[in-house]
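**Q** Need coordinates for the following:
(one chain, ligands or ions: 1)
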Amino acid sequence: MTTELLATPSPSTATGPLADAQAQLAAAVETLDYGAGLHRLLASPRREMTVSIPLHRDNGAVEVLTGYRVQHNFSRGPAKGGLRFSPAVDLDEVRALAMWMTWKCALLDVPYGGAKGGITIDPRNYSVRELERVTRRYTSEILPIIGPEKDIPAPDIGTDERTMAWMMDTYSVNVGYTVPGVVTGKPVSVGGSLGRPSATSRGVVQIALAALAHNGLEPRRSSAAVQGFGKVGAGAAAFLAEAGVKVQAISDQYGAVYAAGGIDVPALAEHVELTGSVVGFAGAEPMDAAALLELDVDLLVPAAVEGVLHAGNAGRVRAKVVVEGANGPTTGEADAILQANGILVVPDILANAGGVIVSYFEWVQGNQAYWWTADEVEDRLARRMLAAWENVLAVSKARRITLREAATVTAVERVAEAHLTRGLYP
Ligand code: NAD
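**A** Just a heads-up that it's a prediction; the model follows:
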């Protein structure tokens, strides 16, 4: 495949997750021997939108929040990606997450490009009614660029199926008819898919068990630590425990808990339901949240935020296998250290792709107005996840590159092929 579009990518000044995403793309471009023009095409977001979100607080005050939607690529289909509510959201973070969505969708061969959205807000400080107003105003601001054939948001950090119901309703009211396909991760009562809430965690655990087996480790003789106890982490911990893995430590943003014999995950979930945090759970001891990442366990699942494994702690990681439930939990420097120490890292774009796979199933079911059973969804999810795992493993062996490099190369090649097959207009 040759194309030289004469442009040279300018040196990037990005830091954090965007620098990591750009470096991963640059490495894949080098492996694939693409020219600078194609590199620039693959690196550049197709469309970015920044919006002001004026909010009437419940106390009468007016506040103005900022929201983003970045559509990184459409070559293989409409853009797809989550919506994040977090105080850490900024445009560069959304750009990185959008690029990773492009690669994830291509790697799993779902017919989407990549996008991501975010609002800089700490949802814990707002009432449900305030969050509804924020969501509806944001949706109406980005309305011209979303839709079932344009860009399809889904839940991410700080958002959930209720947020998706508000988005779907706002979009539908504005266009004048009900459009279930504008978002995924909706409640089943308004066209959501059975199996979507658990899909990311199920996929993480399917891959984790495959990676443990690859390292000669049986679930019933393995131990794990899980960082994050939200939509991804809580499900991952539960499915690992169900598979017989001893989940010894679990954290959230408030702290961590440890039990040498394994945490009773359903009991912890009840405690979190009541108190809002893992802290204070009677069935385990408190532990330092940073130390969780350095425990002597077989499996570490970071399932919270970006950049938690970095140059400062990667050398102390003792897990044999790291399966990235979160997007971008390992910085580029940490990745190199883990590799040098012989730790198998299963990258985010493979490990946590279960969510986008079942989002795709939800969109397909909605478009056809024909619903699948939970068993059908779970079966198809498992087949796609394990096929992608085998494929990435084979590419990694054939090219003698890491699983992350293999996953990125495979995905970038598919997106580039779509770009080049379609050609440049005009
Ligand atoms: P969530 O908001 O449901 O949960 C996030 C969890 O992480 C919470 O338990 C929070 O307390 C915890 N947390 C935040 N900062 C932390 C820190 N510094 N240390 C320890 N815990 C911390 O979010 P989620 O949907 O579970 O998403 C988690 C990660 O998984 C994100 O990187 C997201 O992009 C990724 N992801 C989510 C999905 C999905 O379907 N929800 C799919 C693919 C990837």
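
**Q** List the buried residues for stretch 178-189?
**A** Under the neighbour-count criterion of 16 or more other Cβ atoms under 10 Å, stretch 178-189 has 179, 180, 181, 182, 183, 184, 185, 186 buried. Any C-beta I mention is one placed from the backbone N, CA and C, and that applies to glycine too.

**Q** Need the mean per-residue confidence for the helix or strand harbouring residue 170.
**A** Secondary structure assigned from DSSP states H and E places residue 170 in helix 161-175. Averaged over helix 161-175, pLDDT sits at 98.

**Q** going on from it, what's the next piece of helix or strand?
**A** Using DSSP H and E, the helix or strand that follows helix 161-175 in sequence is helix 199-214.

**Q** Give me the contact status of stretch 158-165 with the ligand.
**A** Yes: looking at stretch 158-165 against the ligand by Cβ under 6 Å from any ligand atom, the contacts come from residue 158.

**Q** Would you mind pulling the contact partners of the helix holding residue 170?
**A** Applying Cβ atoms under 8 Å, 6 or more residues apart in numbering, the external contacts of helix 161-175 come out as 83, 85, 131-132, 135-136, 139-140, 143, 146-147, 153-155, 178-180, 182-187, 190-192, 197.

**Q** domain parsing for the protein?
**A** 45-176, 199-351 (automatic domain parsing).

**Q** would you turn those domains into TSV with mean neighbour count?
**A** Compiled in TSV, those are given as follows (neighbours: other Cβ atoms under 10 Å):
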stretch	mean neighbour count
domain 45-176	20
domain 199-351	21
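
**Q** Same list (the ones you listed) but as TSV, adding distance to residue 33.
**A** Formatted as TSV, those follow (distance: least, Cβ to Cβ, whole Å):
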stretch	distance to residue 33
domain 45-176	18
domain 199-351	21
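
**Q** Hmm, residue 89 is touching residue 118, no?
**A** Yes: assessed by Cβ atoms under 8 Å, residue 89 is found in contact with residue 118 at 3.6 Å.

**Q** Overlap of the contact sets of these two?
**A** Common contacts of residue 89 and residue 118 (Cβ under 8 Å, 6+ apart): residue 68.

**Q** Pass me the low-pLDDT residue ranges in the stretch 51-200 of the chain, would you?
**A** Within the stretch 51-200 of the chain, not a single segment meets pLDDT under 70.

**Q** any idea where the helices of it begin and end?
**A** Using DSSP state H, counting those that start in this stretch, the helices found in the stretch 51-200 of the chain span residues 91-107, 128-142, 161-175, 199-214.

**Q** From the contact counts, what lies against the first one?
**A** Counting contacts by 3 or more Cβ pairs under 8 Å, 6 or more residues apart in numbering; DSSP states H and E, helix 91-107 packs against helix 16-32, strand 47-56, strand 62-73, strand 79-86, strand 113-120, helix 348-351, helix 354-368, helix 403-422.

**Q** Just tell me which of those ends up closest to the ligand.
**A** helix 354-368 (3.2 Å; Cβ to the nearest ligand atom).

**Q** Go through the helix or strand following that closest one and flag the buried ones.
**A** Downstream of helix 354-368, the next assigned helix or strand under DSSP H and E is helix 374-399. For helix 374-399, a neighbour-count test (16+ other Cβ under 10 Å) marks 377-378, 380-381, 384-385, 388-389, 391-393, 395-396 as buried.

**Q** Tell me if I'm right that residue 201 and residue 238 touch.
**A** Yes: under the criterion of Cβ under 8 Å, residue 201 makes contact with residue 238 at 7.3 Å.

**Q** near the ligand, which residues of the stretch 201-350 of the chain?
**A** So the stretch 201-350 of the chain meets the ligand at 227-233, 251-253, 289, 303-305, 325-327 (Cβ under 6 Å from any ligand atom).

**Q** Find the closest residue to the ligand in this protein.
**A** Taking Cβ to the nearest ligand atom as the measure, the point where the chain comes nearest the ligand is residue 230, at 1.7 Å.

**Q** Helix, strand, or coil at that residue?
**A** Classification of residue 230 by DSSP: H, G, I helix; E, B strand; the rest coil places it in coil.

**Q** what does the model give it for pLDDT?
**A** Value for residue 230, per-residue pLDDT: 98.

**Q** Then residue 14?
**A** pLDDT for residue 14: 89.

**Q** from here on, count from 653
**A** I'll keep to 653 as the first residue from here, and by that count the last item is residue 666.

**Q** Name the SS class of it, please.
**A** Here residue 666 is coil, with the state taken from three-state DSSP.

**Q** wait, it sits on residue 677?
**A** No: Residue 666 is beyond contact range of residue 677, at 11.4 Å (criterion: Cβ under 8 Å).

**Q** who's more crowded, the two?
**A** residue 677 (21 against 15; other Cβ atoms under 10 Å).

**Q** With adjacent residues omitted, what lies nearest to residue 753?
**A** In space, and not counting its chain neighbours, residue 753 is closest to residue 766: 3.1 Å by Cβ to Cβ, 6 or more residues apart in numbering.

**Q** leaving aside the residues next to it on the chain, what's closest to the residue positioned nearest the centre of the chain?
**A** Centroid check for the chain by Cα atoms, centre = their mean gives residue 979 as the closest residue, at 4.6 Å. Spatial nearest neighbour of residue 979, chain neighbours left out: residue 1000 (4.9 Å); criterion: Cβ to Cβ, 6+ apart.
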